[in-house]
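J.: only geometry, no sequence info:
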């Protein structure tokens with residue numbers, strides 16, 4: 001069975017519990033041994049495998065004991081790359097860059113104009129010097 005958006009919360013918990021129980025049985029680990037290695041109580045493991053709610057910390061400990069914690073990166077990625085979010089980031093970046101260039105270029109433009117005026121003079125002005 002796949003987790004789908006149309007499932008009730010209870011159905012998701014039942015399926016999650018069934019999958020965790022299947023992991024435990026396929027690895028041939030007794031409940032008590034798994035609970036001890038995960039650092040949770042046996043009753044907590046039984047609740048989880050039975051499709052009942054437990055604390056998130058208990059689930060994390062159990063996933064770590066199964067060496068499945070890395071799977072959370074797939075479930076909840078660090079960043080979501082939505083095209084609209086990428087476009088907004090680029091637009092913000094562009095507007096910030098324009099502002100910095102505009103502020104910096106005004107002073108560098110006046111400096112280059114001053115330097116240009118100092119270098120250039122009328123031909124007869126040189127004769128008078």
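T.: Nice, thanks for sending it over. Every value quoted in this text rests on a predicted model; they were computed, and no experiment measured them.
J.: contacts and neighbour counts: CA atoms only from here.
T.: Will do.
J.: before we move on, what SS does residue 80 have?
T.: Here residue 80 is recorded as coil under DSSP: H, G, I helix; E, B strand; the rest coil.
J.: ugh, typo on my part, it should be residue 28
T.: Residue 28 ends up coil, using three-state DSSP.
J.: for it, what are its contacts?
T.: Residue 28 makes no contacts at all, as judged by Cα atoms under 8 Å, 6 or more residues apart in numbering.
J.: Any buried residues in stretch 65-73, and which?
T.: By 16 or more other Cα atoms under 10 Å, the buried positions in stretch 65-73 come out as 65-66.
J.: typo on my end, it should be stretch 22-33
T.: Buried residues in stretch 22-33, counting neighbours by 16+ other Cα under 10 Å, are found at 24, 31.
J.: Over to stretch 44-64?
T.: Residues of stretch 44-64 classed as buried: 44-46, 48-53, 58-59, 61-63 (neighbour count, 16+ other Cα under 10 Å).
J.: Which members of these occur in helices, if any?
T.: Here DSSP state H is the test, and the buried residues of stretch 44-64 give 44-46, 48-49, 58-59, 61-63 as lying in helices.
J.: Serialize these to TSV and add fields for pLDDT and distance to residue 34.
T.: Shown next, in TSV, are these (pLDDT from 0 to 100; distance: Cα to Cα, whole Å):
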residue	pLDDT	distance to residue 34
44	97	11
45	97	8
46	97	11
48	96	12
49	96	12
58	96	12
59	95	12
61	97	10
62	96	8
63	95	11
